[in-house]
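Asker: Have a look at this prediction, sequence included:
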Amino acid sequence: MRLLTLEDIRDIYIKFHQRGLPFLFSKLKIDSYQRTKSAFNVKEIESANFWSIPEVRSRWNKLVTGDINKTYEEYLSENYFQDSAEIKVLALGSGGCSHELRLAELNPHWKIDCFDFSDKLLSIASGIAKDKGLRNISFHAENVLTYDFEPGKYDIVFFHASLHHFENIFQFLKDVVIKSLKPTGCLIINEFVGKNRLQYSKQQIQYINKALQLIPQQYKRIYKTNLFKNNYYGSGVVRMIIADPSECVDSESIMPAIHEYFEVVDEKAMGNNLLQSVFKDIAHHFVGNEMPDSEKQRLLQDIFQLEDDFLKSNPSDFVFGIYQVKGSHAV
């Protein structure tokens with residue numbers, strides 16, 4: 001376990017330049033719930049995140065749907081849950097609800113209840129739904145851990161990049177998810193399922209640094225700073241708890257717990273074991289026309305190949321999956 005690393009010190013400097021002092025001061029609150037809330041309760045987060053790279057999103061599409069141009073929302077909507085007149089969906093930790101909004105558009109017969117503690121993000125999502133004329137999606141600013149959900153109400157419980165923020169995953173799936181589902185209900189995830197608190201192995205950190213070495217120096221300048229990302233040192237537990245006590249708190253338990261309580265309907269590995277850390281804060285160089293397209297494509301394909309090599313002997317850090325409560329009939 002790494003308590004404090006050079007990565008942590010650099011990240012504090014980066015966050016100051018990217019988000020300012022008010023964001024850093026928010027991390028000094030004693031209440032861990034408020035520190036977690038401050039990580040998400042913002043209208044706009046300017047940053048260079050790996051998911052902003054179009055080719056990365058195309059890679060996910062290929063791995064999940066088999067088509068670089070087809071998103072998992074489209075794949076899900078085309079292949080599942082089309083036989084019922086109405087499907088009730090509970091989306092937990094939905095944040096800005098971009099994926100829930102897309103699912104609501106694609107599936108008029110779904111009724112989606114979005115729950116998150118970020119009232120600001122939900123307010124924005126509500127405005128988008130209104131502009132699109134969507135009447136089959138609602139938004140609830142609540143603490144999921146204390147809210148009393150109606151037992152057996154939902155056909156689907158849905159998580160997109162939120163399940164890894166809940167602790168005691170085995171208990172949470174039993175007490176909240178399965179309790180909220182109908183006996184034939186399903187769980188759908190698009191999730192980080194890797195190491196708790198991002199405590200990567202030495203081998204994974206070595207591969208991340210191999211990938212960084214492939215990138216020319218001018219494309220390693222960190223967003224809104226004059227620093228260059230020449231090495232990745234791994235995250236320390238102390239900073240992660242201070243920044244967001246919920247981040248990857250019990251992520252290692254997600255897949256074992258799901259396989260304990262649910263049958264696999266569809267499960268796809270999405271990787272990101274290297275991409276998430278390699279492109280964090282430098283992804284902006286790979287978006288737009290900053291570098292020649294031929295060079296960008298070559299660099300990305302080399303890094304994708306390095307990740308594929310790593311995945312040959314290591315489990316995927318991200319998974320898309322559809323699961324049904326054990327004992328139910330197949331979807």
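Answerer: Nice, I can see it. Numbering: from 1, shown residues only.
Asker: what comes up buried for the longest strand seen in the chain?
Answerer: Longest among the strand segments of the chain by residue count, using DSSP state E, is strand 181-192. Residues of strand 181-192 classed as buried: 181, 185, 186, 187, 188, 189, 190, 191, 192 (neighbour count, 16 or more other C-beta atoms under 10 Å). Every residue, glycine included, has its C-beta placed from N, CA and C.
Asker: Same check on stretch 163-175?
Answerer: 163, 164, 165, 166, 169, 172, 173.
Asker: Take the residues you listed and keep only those in helices.
Answerer: Residues of the buried residues of stretch 163-175 located in helices (DSSP state H): 169, 172.
Asker: next helix or strand past the longest strand of the chain?
Answerer: Downstream of strand 181-192, the first helix or strand assigned by DSSP states H and E is helix 202-213.
Asker: Buried residues in whatever helix or strand comes next after that next one, which are they?
Answerer: As assigned by DSSP H and E, the chain's next helix or strand after helix 202-213 is helix 237-243. Neighbour-count burial for helix 237-243 flags 237, 239, 240, 242, 243 (criterion: 16+ other C-beta under 10 Å).
Asker: Which strands and helices lie in contact with helix 237-243?
Answerer: Applying 3 or more C-beta pairs under 8 Å, 6 or more residues apart in numbering; DSSP states H and E, one finds that helix 237-243 makes contact with helix 6-19, helix 32-40.
Asker: hey, least reliable of those by pLDDT?
Answerer: Of all the helices and strands packed on helix 237-243, the minimum mean pLDDT falls on helix 32-40 (a mean of 49).
Asker: Identify the residues contacting the residue nearest to residue 85 when sequence neighbours are not counted.
Answerer: Of all residues not flanking residue 85 in the chain, residue 109 sits nearest, at 6.3 Å (C-beta to C-beta, 6 or more residues apart in numbering). By C-beta atoms under 8 Å, 6 or more residues apart in numbering, the contact list for residue 109 reads 84, 85, 86, 87, 136.
Asker: in this protein, which segments are predicted with low confidence?
Answerer: 16-47, 328-331 (pLDDT under 70).
Asker: Spatially central residue in it, please.
Answerer: Among the residues of the chain, residue 161 comes closest to the average C-alpha position under C-alpha atoms, centre = their mean, at 2.7 Å.
Asker: these two touch, right, it and residue 193?
Answerer: No - under the criterion of C-beta atoms under 8 Å, residue 161 makes no contact with residue 193, lying 10.9 Å away.
Asker: who's in contact with residue 4?
Answerer: 236, 238, 239.
Asker: Residue 265 falls within a strand, correct?
Answerer: Yes - Residue 265 forms part of a strand when assessed by DSSP: H, G, I helix; E, B strand; the rest coil.
Asker: Would you confirm that it contacts residue 325?
Answerer: No - at 10.8 Å, residue 265 and residue 325 do not qualify as touching, with contact defined as C-beta under 8 Å.
Asker: how far away is residue 295 from residue 285?
Answerer: 11 Å (C-beta to C-beta, to the nearest Å).
Asker: got it, and residue 277?
Answerer: Residue 277 sits 16 Å away from residue 285, going by C-beta to C-beta.
Asker: Same check on residue 195?
Answerer: 27 Å.
Asker: So which of these two has more stuff around it?
Answerer: Applying other C-beta atoms under 10 Å to residue 195 and residue 285 shows that residue 285 carries more neighbours, namely 20 against 17.
Asker: count of neighbours near residue 105?
Answerer: 17.
Asker: ignore the last one, residue 9
Answerer: For residue 9, the count of nearby residues is 13 (other C-beta under 10 Å).
Asker: who's in contact with it?
Answerer: Counting by C-beta under 8 Å, 6+ apart, residue 9 has no contacts.
Asker: Distance from the chain centre to stretch 88-96, please.
Answerer: Once both centres are worked out by C-alpha atoms, centre = their mean, to the nearest Å, stretch 88-96 turns out to sit 13 Å from its chain's centre.
Asker: Correction: the previous question concerned stretch 111-128.
Answerer: 17 Å.
Asker: For the stretch 1-150 of the chain, which segments are assigned as helices?
Answerer: Along the stretch 1-150 of the chain, counting by DSSP state H, counting those that start in this stretch, helices occupy 6-19, 21-26, 32-40, 54-65, 72-79, 98-106, 119-132.
Asker: Can I get the fifth one in PDB, CA atoms only?
Answerer: It refers to helix 72-79. Output in PDB follows, covering the C-alpha atoms of helix 72-79 (Å, rounded to 0.1, in the frame of the first residue of the first chain):
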ATOM      1  CA  TYR A  72     -23.200   0.700 -25.300                       C
ATOM      2  CA  GLU A  73     -26.500   2.500 -24.800                       C
ATOM      3  CA  GLU A  74     -27.400   1.700 -28.400                       C
ATOM      4  CA  TYR A  75     -26.300  -1.900 -28.100                       C
ATOM      5  CA  LEU A  76     -28.200  -2.300 -24.900                       C
ATOM      6  CA  SER A  77     -31.400  -0.700 -26.300                       C
ATOM      7  CA  GLU A  78     -31.300  -2.800 -29.500                       C
ATOM      8  CA  ASN A  79     -30.700  -6.200 -27.900                       C
END
